[in-house]
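Q: with the sequence up front, the predicted model follows.
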Amino acid sequence: CYDLPNPQYKSCRCIASVKGATGCTALSYSPDGQVLWTAYSDPKNFIACGVTGWDAGAKRGRRLYRREGAAIHLLSPSPDGKRLAWVETFPPKAERRGPDVVVVDAATGKCLTRVALSKEIPSWLDTQPPVWSSDSGTICYGTVVKIDGAYRREVRGLRLADDDEWVIVRDAMAVGLDVSELFLAE
């Protein structure tokens, strides 16, 4: 995969070539435009996945995260640039069933939290990217829950400081719902 046009770079360059990975499955710039985050995965065979940060002008990236047997989609950096969230998926026959939202420290790659989006549905096809609050302290995301034998979508919020999770919208029918406006002032 190649990086996006950015005034910091003089030309496009190859940024992801990893054995066992089919290529870049997600990418996003940091809010200040100084780091390009790329995720590589093999979403068909789930061999390995990882996230690499490419500093402006650097010829080599720094690996932030790597995991066997998973794939990464939908990178979302926090507004302050200190955290990075994504959706991580697993093969249909894996012990872990549904996708997870993973939040890591953008400097160290340390996993800050992992939230299972669904225990019943292994698919990620309708998963939405995590959305950050403006203060970078809360994320919201869509999940699928089984209620009275029927699968329903919910939009949930998670405060990272205390892992406090709550339901923002029940029976959220709209895929791509703009949940950024649903955060309520504390």
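A: Alright, I've got the coordinates. Numbering: from 1, shown residues only.
Q: please give the element, helix or strand, for the residue most central in space within the chain.
A: Central residue of the chain (C-alpha atoms, centre = their mean): W86, 0.8 Å from the mean position. According to DSSP states H and E, W86 maps onto strand 83-89.
Q: what angle separates the lowest-mean-pLDDT helix or strand in the chain from strand 83-89?
A: None of the helices or strands of the chain scores lower by mean pLDDT, DSSP states H and E than strand 23-29, at a mean of 79. Inter-element angle recorded for strand 23-29 and strand 83-89: 150 degrees (by axes from the mean of the first three to the mean of the last three C-alpha atoms, to 10 degrees).
Q: sheet partners, orientation included, of the very next helix or strand once past strand 23-29?
A: Next helix or strand after strand 23-29 toward the C-terminus (DSSP H and E): strand 35-41. Here strand 35-41 is paired, per DSSP bridges, with strand 23-29 (antiparallel), strand 48-55 (antiparallel).
Q: tell me the contacts of N45?
A: With contact set as C-beta atoms under 8 Å, 6 or more residues apart in numbering, N45 has these partners: P91. Glycine gets a C-beta too; all of them are placed from N, C-alpha and C.
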